[in-house]
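In: Structure for the following, please:
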Amino acid sequence: MALPAPGSYKVDTVHSFAYFGARHHVVGLVRGRFEKIAGTINAARDPAECSVDITIDISSISTQNTERDKDLQGPDYFDVKKFPMMTYQGRGVRRGPGDTWIMDGSLTMHGVTKVVPLTFTFKGLFPNMPAANPARAAFHGTAGVKRAEFGMGARDNLDELGSSTAPDVEIEIDVEADAVAAAK
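Out: Model prediction:
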């Protein structure tokens, strides 16, 4: 599928979420999500000119376990007091397999910035939007990271994950974004 019409799209914070699955004791998987995500997506005719700027409030983490959420917000992982936000910023996309697109953007969390490829699909525009409402686009993206590369989860990385270079955290993001009227 092609990209949406050129323009700026503001992330709808009520209908957008970032999910993750983190390896637990090598064979297990802990899932969670971040409830507060904001940002802007800019679509352009030239894929090299497309851009994304996303911010995630780390304190909004939810694994449906209060004790685990406090641990993840603490100094062994996200250290929310020092690093309250996670950001993803990128410019330029290229075609991936099938209907996918790939952006090599910069993910910053825990005070560390790394280039992380985000593979995403444009899911389309919402049909039958009332004439007074802006066009609404939907996207789904995935990425993988190794938490040790961001200085996080030392006890997991040493005791459980060893020297594996494979991502130990898979990230999914579902975004609905509204077209922003161009300034006149």
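
In: so residue 109 bridges to which residues?
Out: Listed by DSSP bridges, the beta-bridge partners for residue 109 are residue 112.

In: can you check residue 24 too?
Out: Here residue 24, judged by DSSP bridges, has bridge partners residue 28.

In: how near is it to residue 181?
Out: The gap separating residue 24 from residue 181 is 45 Å, by C-beta to C-beta, to the nearest Å. In this view, the C-beta of every residue, glycine as well, is placed from N, C-alpha and C.

In: Among those two, which residue is more densely surrounded?
Out: For the pair residue 24 and residue 181, the greater number of neighbours falls to residue 24 (14 against 9), based on other C-beta atoms under 10 Å.

In: those strands in this structure, which residues are they?
Out: For the chain, applying DSSP state E gives strands covering 7-11, 17-24, 28-34, 37-43, 51-57, 61-62, 85-91, 94-95, 101-109, 112-125, 136-145, 169-179.

In: Looking at those strands, spot the one closest to residue 68.
Out: Nearest to residue 68 among the strands of the chain is strand 28-34 (7.3 Å), distances taken as C-beta to C-beta.

In: Which of the residues in the closest one are classified as buried?
Out: Neighbour-count burial for strand 28-34 flags 32-34 (criterion: 16 or more other C-beta atoms under 10 Å).

In: what do you get for stretch 11-24?
Out: 11-12, 16-18, 20, 22-23.

In: Also stretch 116-132?
Out: Quick answer for stretch 116-132 (16+ other C-beta under 10 Å): 116, 118, 120-123.

In: got those residues as CSV, with pLDDT columns?
Out: Converted to CSV, these look like this (pLDDT from 0 to 100):
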residue, pLDDT
116, 97
118, 97
120, 96
121, 96
122, 96
123, 96
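
In: Of those residues, which is the nearest to residue 148?
Out: For the buried residues of stretch 116-132, the nearest to residue 148 is residue 116 (14.0 Å; C-beta to C-beta).

In: The closest one contacts residue 107, doesn't it?
Out: Yes. Counting by C-beta atoms under 8 Å, residue 116 does reach residue 107; the two are 4.2 Å apart.

In: what is in contact with these two at once?
Out: 88, 143, 145 (C-beta atoms under 8 Å, 6 or more residues apart in numbering).

In: Turn those into a markdown table, columns for neighbour count.
Out: Formatted as a markdown table, these follow (neighbours: other C-beta atoms under 10 Å):
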| residue | neighbour count |
| --- | --- |
| 88 | 24 |
| 143 | 22 |
| 145 | 19 |
